[in-house]
Structures are given as C-alpha cells and as structure tokens.
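*Asks:* Could you look at this predicted model? Sequence included:
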There are 2 protein chains.
Amino acid sequence: MQKIKMLLALLSLALLSGTTTFVAAETPVSLTKSERADGRFANTRAVVQSLMESREPALSFNPNFSPEEFVAWRQRVREEMRALANHPIVADMPAPKMVAEEQRDGYRLQKWECFPLPACVSPFLVLVPDGVSAENPAPVVLCIPGSGQPKEDVVREASGNSRGGMAFQFVRAGFVAVAVDNPCIGEASDLERFSKIDRDYDYEDSSRFLLELGWSYQGYASFIDKIILDNIKARADVRSDRVVVCGFSLGTETLMILGAFDDSIFAFIYNDFLCRTRERALVMSTPGADGRRHFPNSIRHLTPGFLTQFDFPDLVAALAPRPVICTEGGMDRDFDLVRKAYALAGAPDAAVCLHQPKYADAKNRVYLEKMPYDIDRDTFFRYANVDPANHYFKGEIAIPWVKKLIETADAKSHDAAK
Amino acid sequence: MQKIKMLLALLSLALLSGTTTFVAAETPVSLTKSERADGRFANTRAVVQSLMESREPALSFNPNFSPEEFVAWRQRVREEMRALANHPIVADMPAPKMVAEEQRDGYRLQKWECFPLPACVSPFLVLVPDGVSAENPAPVVLCIPGSGQPKEDVVREASGNSRGGMAFQFVRAGFVAVAVDNPCIGEASDLERFSKIDRDYDYEDSSRFLLELGWSYQGYASFIDKIILDNIKARADVRSDRVVVCGFSLGTETLMILGAFDDSIFAFIYNDFLCRTRERALVMSTPGADGRRHFPNSIRHLTPGFLTQFDFPDLVAALAPRPVICTEGGMDRDFDLVRKAYALAGAPDAAVCLHQPKYADAKNRVYLEKMPYDIDRDTFFRYANVDPANHYFKGEIAIPWVKKLIETADAKSHDAAK
C-alpha cells in the first residue's frame, strides 16, 4: 500500500508538472545499468544498446576452429558479405574505355571510364610504367582512397612528399597502378565540385538514397570497384596472378568486400587501424559537446545487418591465406585473431600486423580483451593503440612488403616450372 | 584527333591544378539532365536519383485494379509491410501491468508498463471515463503522438486549449484513451530527460543502432505499439470491435504499419498531410543554406527497402475498407487513389479526405500529377497543399466523425440482431 501511494505521488508529480515532467538526475545516464529492480530500461537508447549486446555476430571468427571448420566458416562469411553488398546484375553493360592518355616521367597516365549502371559513368586513372606491355606485363594494384581524397590526389607527383600519392608510389615501384574515386568524392561528387566546400564532401544524401533502395554506400562502392578490378585484371599488360588491392582509410572497407568477391586477389594492403565497429559503437557513448551521444561514424558506413554477421577483424581473417598487411595498428587481441586465421589456413607468415611507430614497443600498448563502457573517441583511440596523427598511406612499408611477396612467389613458380 | 587533344588538355589541366582540379560551373548542378552526350552522370547523387527513379515501387496501388485484384494486392502490401517491420518473436514476454491509478475529473488515469523486449519497459497511460467498466465497455483509441510529444502531453488537461491533448479529448468524448511514447521521446528518451535539451529529442543514435541490427525506428515503434494495442483490446472495459488508431504526425507512420498487422482495427485517424515520400525525396533537391542537398527527413523514417515496395498513399489505400479520415490535406491526386481503393473495397464513403481550411476551397489548391524537380521545402508544401502552420490534432473534426461511425455501426448491429 505504501508502495502504491508512493507511485501515485510520483505519477501525480509527473503529471502535474506538465511539460517538465522528468525528474532531474545528478548521476550520469547509464546505458548498461538500470535503475530498476527488474533491470529494464525505458530509455530507447539503452534498449538498443542491450539489443546490440545480445546479438553476437552470427559469423564471428572462432580461434578454436579446426582447419576444416575454418574453411567452411570462410565460405559462409564470403557468401554473407556478397549478399550484404547486394551487387546488381546489369544487362548490357558497356566495356570500360580509355578516353585520354599522356606521357609522364617514367609512366603513361591513362584516363578510363566504366559504365556500371545505366545512368552512371565512373572515371578511373591507370598509371602504366614505361616498358610495361602485353609482352612484359606487370603486377597491378587497385588503389582505393580514403575520405576526401579524389583519385587525382592518389596519382599526384609528390615533390619530396612521401605521404599520400598511393598510386604514384606504386607506378614508381613498377606496378600498373589504378586509382578510383569513392562514391561522392571528386568527379563523383555533387555540388562540391562547383563550390567552395571543396573536399568536405557530402556522403549523407546519396547514402540515404542507397539505403532507401535497400542498398548501401559500401555496396555501391564495391560494385563499381569490382567492375574496375575485373577490367584491369583482363588487361594484356598486367599479370592477373599478381593483383594487389590497397585500401586507405575508408577504402579498407571496400577492400574487405572485394576480398569476399574475388578469390584471385594476390595480396591486400589494409592501411588503417583495425578495430571492431560493433564494440566501438557500444562503448563510445560519451555525449559530445552538443549533449548528445553519437554513433561513431556516418551512414556511409551503414550496411543494415552487417554487424549482426561479423565485424572487421572477421573479414580480415576471412582473407586468409592470401597475404595481408595491416599497417596502422590496432588491438593485439584482434591481430591475434587474424594471425590465428592465417595459421589455420596454412599461411602463418602471410599476415603482417604492424603497430604504429608510437606503439611499436609492446610496453607502450594497451592490452584489453574488452573495451570499457562510456568512453570518448580519444580514449577509444588510446585503448585501441590508434595514432590518428600518423594516419597516411605507408608506402615505405607496404610497397617493399608486396614486392618481396611477388619476388618470392615468382621464384617459387619458376622453381616449380623447372 | 582533335577530340583526343582536347581531352588530354582538360586532363592535364585537371591534374596540374592539384587539389583544385574541378572545373568551375556557372550553371546549377542538375540531377536529371546530364551534360554528356551519352546521358550518364559521374555525380553519385545524380546516379542514385536515377536509380530511385527507375525503381518504381513494386506494390504501387493501381486504380485500374478489379475488386479481386485489389484484394490480392492489399494482402501482398500487408505481408510486405509486416516483413519490413520485422517484429521479433519474444519468448516469455511478461503481461503488461498497471503501476498506478488515480481519479481525475470525469475519468481515471492509469499508468501501465509493458515489457516488449528482455531489457525494455515501455510505460503507457490509459484514461478510463467514469462509468466505463466490464459491464459497460467503451470504444478505445490508441493515440500515437508526433515528434517531440511525450505521452504526458497527450493526456493533459488543456485549459481552453483545444489543440493537442489527443487522449484527453477522447476520454472526454467517452472513449478509453491510451497514450504511448514513441521511441526516444519522453520516458523513452536518453539524456534529454536530464538535460536542458528538453523536447529536442535525439532519434538518430538509437535509429542508427536499430538500422545496424537490420531493424528500424518505425519497426521498433510499431512493435511496441502492437503489444500495447493487443493489451488494450483484451481489456474487459473496452469494446474490441471498436478499436480506433489515431496517429498524429510521426505517429501516422506507425498507424499505417499497425493497419497492416491488425485487421480488427475499426477505424483510423490519419492526422497529417498525405504525400509520397519517394517523390518528395526526388524533387526536394534544392541545396540548403549549408550548400548541400538534404534528404527530406531523418533516419528515424528510414526503413531500408520500403520505398521500393510502396509509398504512404498506397498504405492508406490498403487500409480499405476500414474507415479512415485524413485531416490535414495533401494532393488531390493521392486522395483520389485512396478514394478509388475504398470504392474497390465496397466502402466508398469510408474514406474521408479533408483539406486544410486554407485549401478547402478547390480553387486555392494546386493540382499536379507529378511534382516538378529541384524545388525546396516551402514550394513542395505549397504544391502539396500543406499548411504547416495549421498542423495540430484536429479533434474537433476527427472525434465527431468517429463517434458517428460507431453510432452507425452500432445501429446496424442492433438492427441485424433483431
């Protein structure tokens, strides 16, 4: 009876106070600890937190897999990723064509166009080292840039600047280097091409349309890049057995999707930190300056249902046994999973997981099996051994690594042919 | 050759100019007219525009349906809407329970809790007119508020204010009136309950989690409201054959979903303007003050794939033959579709489509079969006969309408029973 009276009193108070019905709290709002005896939340944000918590990804990599289980798991991951990417079947797609070519110092610069969808032209650039031809084909690398980076950046002739210029660095190293625009960037941008907004590209509006259509930004991006990949693999002047995919930042997501589509890719350069997006969303709940919580990234990263299936380390693990280098660190926990997958696939040395120089010394790293809740972005980055100030294409590491791989593979083929 | 030279010159220019590669344009960027001879776009936003254009909703209402085709179509719409809403099956869900009750002038105010998901409690309010009991049951109305409206608003004792107070107006009219919180609002809100943000609720963060999980804000909202609807239908003091669903603004979306789930609903009050969201997204492409285009609404309205199946007028049409009143106008084109559907369902008088007073006189309305492109929100509203300044719960129209419906239906039942 006392309890009912108290409830009534509270209800009256709430109702009487009209528009300011809510009780002020001194304590921060917890998303993981209910104030109720039954442990439930009225707070929708806390409910969706628990929904996400309770929904372990169906296809998480299990380090206790047998080699056979690993192979079956990898197949399921690839099939699911392909389903999520939802690439359309386009009838009568015209073949890509070259629209311009000119000589540069040591290589030819070609501009190509492909026609992935009836209303779409997607230009891309191909850099061909001098001396490379059908008679003397070269390895090829697909360079997928990061946010705000048009393909023109990626092919630039950097004057003493070793940062960026991903495709330029590769052509200098003897690769046929291909640079694409991510959707909404550069020539694929909308009003930004004609305004002072410049590189502050808008991904939201197009991503929203794609989501409404049951597609996604990454599904769209990987669809276009898959067409370009198929086209460059078929070039007479490239070695289709030496196709490298190199993703920087945003481009690493497309890289992982392409890895699920194309088993013929020779090696992957994953140039970003490696983390679990699902965990990141669950723990990075500190409100921003506007007093609100924010999902850690924008809807161009949203593929509905993705996080119910796997997370980024699982997708990298599913690349095994094809060589991969992760160049910008992450959690040892996740690197251990990747290494374990490669060991299960019989290629323990094919995964190279590098920390940022700042965290190269093991004693400078944070070791966690699980991130704590209610942290902000800076704390997350520190706990994940991320060095955001040192985020750039690490050609000085990746290019020698992949050249060495190719030399080794070529030597093996040569030996086998003898 | 001349053409190649020109292309090369343009490419050189683009490449040489480095970070400012893009050609300045005097003309606005068109999403529908390509500057290329082949009609294609490099602009991702224009490509997704064309994708949406080319993807006519699979289940659009066809006014040329035969009555049989109409019935089959309606079934497919309902099934598809249920699939999109994606309600989970929750084992061992506790029954809702009353946690407080107190007497008000002419009615009792009850506070209830339901437990839709393991971590979730969803409070709702029930107003029971004096004299209503198991022996003397009353019609019941589920009141689904608009954005920024906590359920406490909907039950308020307005002093001379006829606007708002949806549930309060209904209990005064003899209905058992039920008021719910939409997700992220009021008691379902997160930090807003404890901050000065007050009614400027954040829907984004929770909506994003739901989308990541392959769910949606509207799927979640309709799941909770369906549980509450089932509960109130089972009350001894209500007439389960006289269940009314009344949605205001944001609440109209939930109303349409509930209509696809529950065939026993007696009548619907659709208290917003009626429009086609797909068309709105396609035509409202004028950039905002920030120089960007914006999808006309936030991701709490995003149900991936929805617009590939139908649009709002189709869902209202699929409510037929159950009575519906649309109280805040729209395009005659869309109202005509709704009326045609009701005629096909044998209930031509059961759909009441009212224009706003400002546009009640037919000569003040705009008549369009198709909206023009590149318009801003104000223009869209004008062309759609929307009067945003007059957006409120129109109890003075809706309540007499539904009371009359009930009287007529009761009289018919009475005659039939004789």
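*Replies:* Good, I have the coordinates.
*Asks:* In the stretch 251-400 of chain A, what residue comes closest to chain B?
*Replies:* Nearest residue of the stretch 251-400 of chain A to chain B, counting by C-beta to the nearest C-beta: A:Gly305, 3.7 Å away. Just so you know, the C-beta spots here come from the backbone N, C-alpha and C atoms, and that holds for glycine as well.
*Asks:* which residue sits closest to the most centrally placed residue in chain A, ignoring its sequence neighbours?
*Replies:* With distances taken as C-alpha atoms, centre = their mean, A:Glu253 lies nearest the centre of chain A, 2.2 Å away. Closest residue to A:Glu253 apart from its sequence neighbours, by C-beta to C-beta, 6 or more residues apart in numbering or on different chains: A:Gln218 at 5.3 Å.
*Asks:* isn't A:Asn385 right up against A:Glu328?
*Replies:* No - counting by C-beta atoms under 8 Å, A:Asn385 does not reach A:Glu328; the two are 9.4 Å apart.
*Asks:* Quick check: neighbours shared by these two?
*Replies:* When C-beta atoms under 8 Å, 6 or more residues apart in numbering or on different chains defines a contact, the residues bordering A:Asn385 and A:Glu328 alike are A:273, A:356.
*Asks:* What are the phi and psi values at A:Asp181?
*Replies:* phi -100, psi 130 (degrees, to the nearest 10).
*Asks:* Quick check: it vs chain B, distance?
*Replies:* Distance of A:Asp181 to chain B, given as C-beta to the nearest C-beta, to the nearest Å: 8 Å.
*Asks:* what residues are up against that residue?
*Replies:* Applying C-beta under 8 Å, 6+ apart, the residues near A:Asp181 are A:122-124, A:145, A:150-151, A:187-188.
*Asks:* thinking again about what came up before, what confidence value was assigned to the residue nearest to A:Glu253?
*Replies:* On pLDDT, A:Gln218 comes in at 98.
*Asks:* What is the helix or strand it falls within packed up against?
*Replies:* Counting by DSSP states H and E, the element that carries A:Gln218 is helix A:217-233. Applying 3 or more C-beta pairs under 8 Å, 6 or more residues apart in numbering or on different chains; DSSP states H and E, we find helix A:217-233 packed against helix A:67-85, strand A:107-114, strand A:122-129, strand A:138-144, strand A:176-180, helix A:204-212, strand A:238-248, helix A:250-261.
*Asks:* hmm, 6 Å instead?
*Replies:* strand A:176-180, helix A:204-212, helix A:250-261 (3 or more C-beta pairs under 6 Å, 6 or more residues apart in numbering or on different chains; DSSP states H and E).
*Asks:* Let me have the ones you listed in JSON lines, adding mean pLDDT and distance to A:Glu79 as columns.
*Replies:* Below are the helices and strands packed on helix A:217-233 laid out as JSON lines (pLDDT from 0 to 100; distance: least, C-beta to C-beta, whole Å):
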{"stretch": "strand A:176-180", "mean pLDDT": "98", "distance to A:Glu79": "25"}
{"stretch": "helix A:204-212", "mean pLDDT": "98", "distance to A:Glu79": "22"}
{"stretch": "helix A:250-261", "mean pLDDT": "98", "distance to A:Glu79": "8"}
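*Asks:* most neighbours per residue, which of these?
*Replies:* strand A:176-180 (a mean of 30; mean count of other C-beta atoms under 10 Å in any protein chain shown).
*Asks:* Report the angle between that one and helix A:217-233.
*Replies:* In terms of direction (axes from the mean of the first three to the mean of the last three C-alpha atoms, to 10 degrees), strand A:176-180 departs from helix A:217-233 by 150 degrees.
*Asks:* So what touches strand A:176-180?
*Replies:* Under the contact criterion C-beta atoms under 6 Å, 6 or more residues apart in numbering or on different chains, strand A:176-180 has outside partners A:124-128, A:138, A:140-143, A:151, A:154-155, A:167, A:170-171, A:225, A:228, A:232, A:238.
*Asks:* same question, stretch A:336-351
*Replies:* For stretch A:336-351, the surrounding residues in contact (C-beta under 6 Å, 6+ apart) are A:61, A:63, A:67, A:70, A:313, A:316-317, A:320-321, A:323-324.
*Asks:* I'd like the next helix or strand past the worst-scoring helix or strand of chain A on mean pLDDT.
*Replies:* Counting by mean pLDDT, DSSP states H and E, the weakest-scoring helix or strand in chain A turns out to be helix A:2-16, with a mean of 43. Per DSSP H and E, the first helix or strand lying C-terminal to helix A:2-16 is helix A:44-54.
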